[in-house]
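Engineer: with the sequence up front, the predicted model follows.
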Amino acid sequence: MNPNKLAPFLAFLLFFTSCKGHEKQDDIVKNNPEDTIKHFIIGYHMLVPKLKEIRTYEMIGGETWDGHRYSKDPKIDYEKTTLLILGNSILFKEYFPFPFNLDKLKLISSNEFMTICRDDNYIYYVSDRTNSTQIHIADYKPINDFVYKSKDGALFFLDAEKYKLNPVKINVDENSIKHLAGNYYSDKNGLYFFGAHYKKNVQSNQRDYIEKSEKIIDAKNVVPFISKHYLTFGNQVFAIDDDEIKKLDLNPKKLIEVYFWDRQSLITDGKNVYSNSNYGYDDNRNEKGTYGFLFPSLFSGSNLQKIYPQSLPFANENNSIVFNKGRSFNSIELAVVINNENYILSNKKKIKTGKMLFYHSETKTNGDFDEKYLKIFKNQFLQYKNVLYFDDRPVEASKLDLKNLRQIENSNYLTDGKSIFYTGGITGMKLIKKNGAEYAVLDERIIENVYTNEMKAINPDLLSDGITLISRNQKATIKELKLNVKIAE
């Protein structure tokens, strides 16, 4: 979905925001796991099972709001309602914008802008940022969630740009056709772009408008790779875009993607560079994008072997790259390895350095850096050997088994296979002195002995295994909530 076309209303999922500080300790609701059933916060709602109340988050104050509270929602009957968990969208059935079949409701996709789900009769686009809409599908046979067959045998696809079913109008293998990203599809015979689209004319360097679906690659049984902003199919790379085929001049076997912060990133194979401006890679921005122009001439044509991620901060100290020290996470400097030598790329300069070191802030010493001991997690957490760090500060982690610590995919949680650690939205922390060093104490974010192999991310801040819900630092079983809950999958 092209976010530029979405009206900038209040974000559905942004919950707590504030400036970062190290003195504030109440950055999340303080409830011990055993006490969470007194009230359980999920999305914008507080569930109070004992009182059978649904309370909704609201701002209070005058022209400039000066606080927030949870107020009882008079429209929701606790004993009759159903909590709908639809990926990023969490709402009660009373607020679903259309009549729907609760038992048949299933999730198609969800992101920070909207959720797409369906039952047997309609596909629903649900959003707080633009008008919600529905597509009638009762007269179609679903081949999968994105491809539908009419009674006369014609195939239609769910057009990500137009919010409607559009005809495929090209021969595909019905049994193997599947959606990849945007309007890209593949089957056992190749790669396709469905629907009207633009495509660069290599002779005129202009964009041609093509009114129908197109087979881009004819190839047998290729396994595609799909990332957030690009996909690879065989030996070709394409930027993901709703209405344009954008082939990138990159070698998929040598791809390196670097995120600078939030949405902004570049992708390179060591020869060409493409950068994005929030929403995707553009084939017109080669070496001219937000960050691309800073770097390609510095390594183009060389043997670029490694770009270290921006989430691993570093400083240039005595001609050495010292990781876990110094540099802001918003810096656009890069630590790289070219032709088996270490460099810093910064402000159109390539600075050759000596060996790489790692700063142990718990002992305030540098040591030789060995990448095999490094784990990089989301939200500025990383682990080196047997120490967990947040924003280059050691974390008191005695409640976690660091040997087995890992990121739970698509979430703001870590797990060691038993406990769960919520790492999102840190605005403050408790500090303690330990062996002369300051450690961050984040125990209130750890829930012990709760992880199961069936647990997965519903959205970045919500986990479930179908029995238990984990919302930030709270846990509750669905049974304990005494509430009808529908987790659409």
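Structural biologist: On my side now, so go ahead. Residues are numbered from 1 along each chain as shown.
Engineer: pLDDT-wise, which helix or strand of this structure ranks last?
Structural biologist: In the chain, no helix or strand scores lower on mean pLDDT, DSSP states H and E than helix 296-299, which sits at a mean of 63.
Engineer: help me confirm that residue 372 is found in a strand?
Structural biologist: No. Under DSSP: H, G, I helix; E, B strand; the rest coil, residue 372 falls outside any strand and is assigned helix.
Engineer: low-confidence ranges, the stretch 301-450 of the chain, go.
Structural biologist: Along the stretch 301-450 of the chain, the parts satisfying pLDDT under 70 run over 301, 327-331.
Engineer: at 90 what do you get?
Structural biologist: 301-305, 307, 309-311, 326-334, 338-339, 345-351, 391-392, 427-428, 435 (pLDDT under 90).
Engineer: residue 163 contacts residue 132, correct?
Structural biologist: No. Residue 163 is beyond contact range of residue 132, at 9.9 Å (criterion: CB atoms under 8 Å). Where you see a C-beta, it was placed from the backbone N, CA and C, and this is true even at glycine.
Engineer: need the overlap of contacts for those two.
Structural biologist: residue 125 (CB atoms under 8 Å, 6 or more residues apart in numbering).
Engineer: tell me which stretches of this protein form helices.
Structural biologist: 296-299, 478-481 (DSSP state H).
Engineer: so which elements touch the last one?
Structural biologist: Packing contacts for helix 478-481, counted by 3 or more CB pairs under 8 Å, 6 or more residues apart in numbering; DSSP states H and E, involve strand 468-471.
Engineer: ok, and what's touching the strand it packs on?
Structural biologist: By CB under 8 Å, 6+ apart, strand 468-471 touches 40-42, 413, 420, 422, 447, 450, 452, 455, 461-464, 475-478, 481, 485.
Engineer: any of those residues buried? List them.
Structural biologist: Buried subset of these (neighbour count, 16 or more other CB atoms under 10 Å): 40-42, 413, 420, 422, 447, 450, 455, 461-464, 475-476, 478, 481, 485.
Engineer: residue closest to the middle of this structure?
Structural biologist: residue 410 (5.9 Å; CA atoms, centre = their mean).
Engineer: quick one, what contacts that one?
Structural biologist: 457, 460.
Engineer: and the gap between residue 274 and residue 313?
Structural biologist: Per CB to CB, to the nearest Å, residue 274 is found 25 Å from residue 313.
Engineer: name the residue in the two with the higher neighbour count.
Structural biologist: Between residue 274 and residue 313, counted using other CB atoms under 10 Å, residue 274 has the larger neighbour count: 31 against 23.
Engineer: looks like the more buried one contacts residue 246 (just checking).
Structural biologist: No. Judged on CB under 8 Å, residue 274 makes no contact with residue 246 at a distance of 9.1 Å.
Engineer: which regions of the stretch 101-250 of the chain sit below the pLDDT cut-off?
Structural biologist: In the stretch 101-250 of the chain, residues with pLDDT under 90: 111-114, 127-131, 160-163, 197-198, 200-207, 228-229, 241-244, 249.
Engineer: spit out the contact partners of residue 434.
Structural biologist: Contacts of residue 434 by CB under 8 Å, 6+ apart are 362, 394, 396.
Engineer: mind redoing it with 7 Å?
Structural biologist: residue 396 (CB atoms under 7 Å, 6 or more residues apart in numbering).
Engineer: same check on the one 4 residues further on?
Structural biologist: Remark: with contacts taken as CB under 7 Å, 6+ apart, residue 438 is in contact with 393, 431.
Engineer: what about 10 Å?
Structural biologist: 22, 361-362, 393-394, 431-432 (CB atoms under 10 Å, 6 or more residues apart in numbering).
Engineer: what's opposite it in the beta bridge?
Structural biologist: Beta-bridge pairing of residue 438 under DSSP bridges involves residue 433.
Engineer: who are the neighbours in contact with the closest residue to residue 140 other than its chain neighbours?
Structural biologist: Leaving aside its chain neighbours, residue 140 sits nearest to residue 148 (3.9 Å; criterion: CB to CB, 6 or more residues apart in numbering). Applying CB under 10 Å, 6+ apart, one finds that residue 148 lies in contact with 123, 135, 137, 139-142, 154-158, 165, 168.
Engineer: equivalent analysis for residue 251, please.
Structural biologist: 232, 235-237, 268-272.
Engineer: those in strands, which ones?
Structural biologist: Filtering the contacts of residue 251 for membership in strands, criterion DSSP state E, returns 232, 236-237, 268.
Engineer: give me the number of residues near the closest residue to residue 232 other than its chain neighbours?
Structural biologist: Excluding the flanking residues, the one nearest residue 232 by CB to CB, 6+ apart is residue 252, at 4.1 Å. Number of residues near residue 252 (other CB under 10 Å) recorded here: 16.
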